[in-house]
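K.L.:
My questions concern the predicted model and sequence given below.
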Amino acid sequence: MFKDIFRKPKYVTLPSTGSVQQQNPPAAPSNRKELPDGLWVKCSNCGEALYKKDLVENDQVCTSCNYHFRITAHERLELITDPGSFEEWDVELHSNDPLEFPGYGTKLKQAEEKSKQTESVLTGKATIEDSPVVLAINEGNFMMGSMGSVTGEKITRAIERAIELRLPVIIFSTSGGARMQEGILSLYQMAKTSAALARLSENHLLYISVLTDPTFGGVTASYASLGDIQIAEPGALIGFTGPRVIKQTMRQELPPGAQTAEFNQDHGLIDLVVERSQIRSVLGRLLRYHQEGADYGTTLRI
């Protein structure tokens, strides 16, 4: 046809063999510049390429889909507390290997190097919008925030000091659950931290639990679910065990969106789902409400 006569041929015939071979046009020179490593981050939820500086300025939240990236305990501390107000407690406590579990000692050393912390929780006293509070923040980079003996001990000590100081408690949970390398000693921390929170409640002091992605296992079954006020970040996965384990053991498929913060709010486990950019102001307001109620001799229950 006439419309095809000016097109470049897609195939040429080789004179020696008579065979037909596809002719590929020469590659055009690329003007793309290679970007230095570390400038861009790919969102694991929507796949969008995000400029790292913009991501940091947006509190590690995707500007495209609002996915909340996981952050370290110190990043969260900086996000919520008044500058220079944090006083860390029990830094000297380190996990040991009570059961002589194979490879556990090596994993502990690796966890300390990776997280720059001595345990999977950071505890201490600080102020949030000028309101004093006792804090415990799980560190996901330390063996996925798993709860070992020292984790439970640090949280329990923090709660007991809060009772002595007459201060409210806020715990940020990020955890894969109890630490299997410590066996029953790890599971014991569930009862230990829960008993400490019961004493906090008997002393009419506020406990706010903030659940972040992910919060699972023995942590969900203990201190993470016992708050007077239960808060979660958007999209945070919360449950006792994951959907694959449930499918294998119970032979059941979870409904779509199950175990997300929003699903748990719809079913009564979570009171508030709060954007990361708003968490500091929400916590500050709740602490002021509680203090005003205490000044008038009443106990605030929300």
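P.N.:
Good, I have the coordinates.
K.L.:
How is the protein partitioned into domains?
P.N.:
Here the domain parsing of the chain from automatic domain parsing is 38-69, 70-295.
K.L.:
Can you tell me which of those is most buried?
P.N.:
Burial among these, expressed as mean neighbours by mean count of other C-beta atoms under 10 Å, is greatest for domain 70-295, which shows a mean of 19. Glycine gets a C-beta too; all of them are placed from N, C-alpha and C.
K.L.:
OK, contacts around residue 188?
P.N.:
149, 152 (C-beta atoms under 8 Å, 6 or more residues apart in numbering).
K.L.:
now it: how far from residue 166?
P.N.:
Applying C-beta to C-beta, to the nearest Å, the value for residue 188 to residue 166 is 28 Å.
K.L.:
The domains of the chain into CSV, with extra columns for mean pLDDT?
P.N.:
Listed next are these as CSV, based on pLDDT from 0 to 100:
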stretch, mean pLDDT
domain 38-69, 93
domain 70-295, 95
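K.L.:
what's downstream of the longest helix seen in the chain, the next helix or strand?
P.N.:
Ranked by residue count and defined by DSSP state H, the top helix of the chain is helix 183-202. Next helix or strand after helix 183-202 toward the C-terminus (DSSP states H and E): strand 207-215.
K.L.:
and that next one, how far out from the chain's middle?
P.N.:
When C-alpha coordinates are averaged (C-alpha atoms, centre = their mean, to the nearest Å), strand 207-215 and its chain have centres 8 Å apart.
K.L.:
what packs against that strand?
P.N.:
Counting contacts by 3 or more C-beta pairs under 8 Å, 6 or more residues apart in numbering; DSSP states H and E, strand 207-215 packs against strand 169-175, helix 183-202, strand 229-232, helix 279-295.
K.L.:
For residue 109, find the nearest of these.
P.N.:
Distances from residue 109 to each of these were compared by C-beta to C-beta, and the smallest falls on helix 183-202, at 18.6 Å.
K.L.:
give the contact list for residue 281.
P.N.:
residue 129.
K.L.:
do you know how far it is from residue 270?
P.N.:
Noted for residue 281: a distance of 19 Å to residue 270, by C-beta to C-beta.
K.L.:
cool, residue 106 as well?
P.N.:
In this structure, residue 106 and residue 270 are 37 Å apart, going by C-beta to C-beta.
K.L.:
my guess is residue 63 meets residue 56, correct?
P.N.:
No: at 11.4 Å, residue 63 does not count as touching residue 56 under the criterion of C-beta atoms under 8 Å.
K.L.:
Let me see the contact set for residue 206.
P.N.:
Each residue near residue 206 by C-beta under 8 Å, 6+ apart is listed here: 168-169, 228-229, 286-287, 290, 300.
K.L.:
Nearest to residue 215 among those?
P.N.:
Proximity of the contacts of residue 206 to residue 215 (C-beta to C-beta) peaks at residue 229, which lies at 15.5 Å.
K.L.:
what's the distance between the spatially closest residue to that closest one that is not a sequence neighbour and residue 249?
P.N.:
Residue nearest to residue 229 in three dimensions, not counting chain neighbours: residue 208, with 4.9 Å by C-beta to C-beta, 6 or more residues apart in numbering. The span separating residue 208 from residue 249 equals 33 Å under the rule C-beta to C-beta.
K.L.:
can you check residue 268 too?
P.N.:
Distance, residue 268 to residue 249, using C-beta to C-beta: 24 Å.
K.L.:
now do residue 44
P.N.:
Residue 44 is 27 Å from residue 249, by C-beta to C-beta.
K.L.:
same deal with residue 203?
P.N.:
40 Å.
K.L.:
For the residue lying closest to residue 64 once chain neighbours are set aside, give me its contacts.
P.N.:
In space, and not counting its chain neighbours, residue 64 is closest to residue 48: 4.1 Å by C-beta to C-beta, 6+ apart. Contact partners of residue 48, counting by C-beta under 8 Å, 6+ apart, are 42, 62-65.
K.L.:
again with residue 160
P.N.:
Contacts were defined as C-beta under 8 Å, 6+ apart; by that measure residue 160 touches 196, 199.
K.L.:
From residue 138, how far off is it?
P.N.:
19 Å.
K.L.:
For this structure, just list every one of the strands.
P.N.:
11-13, 20-22, 40-42, 49-51, 87-88, 121-128, 131-138, 169-175, 207-215, 229-232, 272-273 (DSSP state E).
K.L.:
can you list contacts of the fifth one?
P.N.:
In this structure, residues lying in contact with strand 87-88 by C-beta under 8 Å, 6+ apart are 122-126.
K.L.:
Kind regards, and thank you for your time.
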